[in-house]
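1. sequence and predicted structure below; questions after.
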Amino acid sequence: MNATFAATPPSAAGGALRRRRTRRLLGLFALVLALIAAVAASLAYGAHPVPLDVVWRALVAPGSGEHDIIVRSLRVPRTVLGVLAGIALGVGGALMQGHTRNPLADPGLLGVNQGAALGVVLAVVVFGVTSLSTYIWFGFAGALIAAVVVFVLGTVRGGATPVTLALAGAAVSALLYGLLSAIVLGDRQGMEMYRFWHVGSIAGRELAVGGQLAPFLLIGLLLALANTPGLNSLALGEDVSTALGRDVRRTRILGIVAITLLVGAAVSACGPIAFVGLLVPHIARAITGPDYRWLVPYAGLLGAVLVLAADVLGRLVAGDRLEVGILLAAVGAPGFIHLVRRRGLSKI
């Protein structure tokens, strides 16, 4: 019996790879244009619309008029923080889902959200801190400590695995939430601060807050990009990854450090903005496929566009009374349900 095997010519395979790479590059370029448009909308639209030409003059040749004050003092800090937080949460979510191999994982799974919340409340209640630019450092420290505790607990026996990290994160988050509740229920000022922070907002922050967090976000992004080859091999299984010469423990540590820096910085400044780290990686994966070298930058840009778009929409709908965290929770829940029903979440 004769059988004929048809092999794909190397030239055809190379052409397909080039076309795929070109499409991905064009997608990145389109996302950059979308981010520029979202930034322009964030600077121009709100309770007091400002024409784009006036926005441009306020940026390059500022004066003392009302529009100049609105753009430079209110909207520029808000926009910068929205971009930074969106990139951080999008990338952090992609890394978290990759390391845990859990399509329902979000960056808060490592206890980062509750750790940051406890740090903020302790700063207000115990140390009497009332300045946002000061208590975000307590939130960042709380996020770092919580992530370290989760990683240590998750590696007690047999090293860090997706299951042990998830279980340790859930346990630490529950413990921190109990401590947090005990503190805020006994202190009115702490309760008010926690309620304001927990909503998730990029409004009311000074530009200096973005400058304080930018170095940590930059380091986290560089570590995330360095972690992408290891994540690609981990997706094949730990045994295969080890056979390919990857140090699984080093890959996990690098990823957890990146997640902690990115998400800890964003959450400490803005509060836990829901659904960005959960939904954005799935959208990015639908566009790029499972290759984390492309998925991570796509997730970062998509996260920034989503946060700014939600913030602008909230301003247009309800002025400054609807925070971005509330709107994303309202829009993200049905969007995520649609994604689950349309594509399924078993393929990651």
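-> Structure received.

2. tell me how many other residues crowd Val124.
-> Neighbour count of Val124, defined by other Cβ atoms under 10 Å: 23. Bear in mind the C-beta positions are built from the backbone N, C-alpha and C, glycine included.

3. let me see the ranges of the helices in the protein.
-> Counting by DSSP state H, the chain has helices at residues 10-44, 52-60, 66-69, 76-100, 112-125, 132-154, 162-185, 188-198, 207-234, 238-243, 248-270, 276-288, 292-318, 324-343.

4. reformat those as JSON lines; add distance to Asp106 and mean pLDDT.
-> Output for the helices of the chain, formatted as JSON lines (distance: least, Cβ to Cβ, whole Å; pLDDT from 0 to 100):
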{"stretch": "helix 10-44", "distance to Asp106": "21", "mean pLDDT": "88"}
{"stretch": "helix 52-60", "distance to Asp106": "34", "mean pLDDT": "91"}
{"stretch": "helix 66-69", "distance to Asp106": "37", "mean pLDDT": "87"}
{"stretch": "helix 76-100", "distance to Asp106": "6", "mean pLDDT": "93"}
{"stretch": "helix 112-125", "distance to Asp106": "9", "mean pLDDT": "87"}
{"stretch": "helix 132-154", "distance to Asp106": "14", "mean pLDDT": "85"}
{"stretch": "helix 162-185", "distance to Asp106": "11", "mean pLDDT": "87"}
{"stretch": "helix 188-198", "distance to Asp106": "16", "mean pLDDT": "80"}
{"stretch": "helix 207-234", "distance to Asp106": "16", "mean pLDDT": "91"}
{"stretch": "helix 238-243", "distance to Asp106": "23", "mean pLDDT": "83"}
{"stretch": "helix 248-270", "distance to Asp106": "9", "mean pLDDT": "89"}
{"stretch": "helix 276-288", "distance to Asp106": "4", "mean pLDDT": "91"}
{"stretch": "helix 292-318", "distance to Asp106": "12", "mean pLDDT": "93"}
{"stretch": "helix 324-343", "distance to Asp106": "10", "mean pLDDT": "78"}
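
5. list the contacts of Gly92.
-> Contact analysis of Gly92 by Cβ atoms under 8 Å, 6 or more residues apart in numbering lists Pro107, Gly220, Ala224, Ala258, Ile259, Leu262, Val263, Ala266, Gly277.

6. now with 7 Å, please.
-> Pro107, Ile259, Leu262, Val263, Gly277 (Cβ atoms under 7 Å, 6 or more residues apart in numbering).

7. could you find the closest non-adjacent residue to Gly289?
-> With sequence-adjacent residues excluded and distances taken as Cβ to Cβ, 6 or more residues apart in numbering, Gly289 is closest to Leu295, at 7.7 Å.

8. closest to His48 out of the contacts of Gly92?
-> Ranked by distance to His48 (Cβ to Cβ), the contacts of Gly92 are led by Gly277 at 31.7 Å.

9. what's the nearest residue to the closest one if we skip its chain neighbours?
-> Sequence neighbours aside, Gly93 is the residue nearest to Gly277 in space, at 2.9 Å (criterion: Cβ to Cβ, 6+ apart).

10. so the one you found makes contact with Ala274?
-> No: in this structure, Gly93 is not within contact of Ala274 by Cβ atoms under 7 Å, at 11.3 Å.

11. what is the burial count for Asn227?
-> 27.

12. ok, it - contacts?
-> Contact partners of Asn227, counting by Cβ under 7 Å, 6+ apart, are Leu95, Thr251, Leu254, Gly255, Ala258.

13. and which of the residues you listed is nearest Val124?
-> Set against Val124, the nearest of the contacts of Asn227 by Cβ to Cβ is Ala258 (28.7 Å).

14. OK, contacts around Ser268?
-> Counting by Cβ under 7 Å, 6+ apart, Ser268 has contacts Ala116, Ile136, Gly139, Phe140, Ala143.

15. can you select the buried ones from these in PyMOL?
-> If you want just the buried ones from the contacts of Ser268 in PyMOL, going by 16 or more other Cβ atoms under 10 Å, the selection is:
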select buried, resi 116+136+139+140+143
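
16. Leu176: which of the contacts of Ser268 is nearest?
-> Closest approach between those and Leu176, by Cβ to Cβ: Ala116, at 9.6 Å.

17. roughly how far does the residue nearest to Gly277 sit from Pro103?
-> Taking Cβ to Cβ, to the nearest Å as the measure, Gly93 falls 11 Å from Pro103.

18. more crowded one of these two?
-> Counting neighbours by other Cβ under 10 Å for Gly93 and for Pro103 shows that Gly93 has the greater number, 30 against 17.

19. which one is Pro272 nearest to, not counting chain neighbours?
-> Nearest to Pro272 is Asn113, by Cβ to Cβ, 6+ apart, at 4.5 Å.

20. how much space between the residue nearest to Gly277 and Asp320?
-> 27 Å.

21. what does Pro297 give?
-> Taking Cβ to Cβ, one finds Pro297 at 31 Å from Asp320.

22. cool, and Ala208?
-> From Ala208 across to Asp320, the span is 20 Å (Cβ to Cβ).

23. how about the closest residue to Leu244 other than its chain neighbours, what does it touch?
-> Of all residues beyond its chain neighbours, the one nearest Leu244 is Ser233 (5.2 Å), with distances taken as Cβ to Cβ, 6+ apart. Contact analysis of Ser233 by Cβ under 7 Å, 6+ apart lists Val240, Ser241, Leu244, Arg246.
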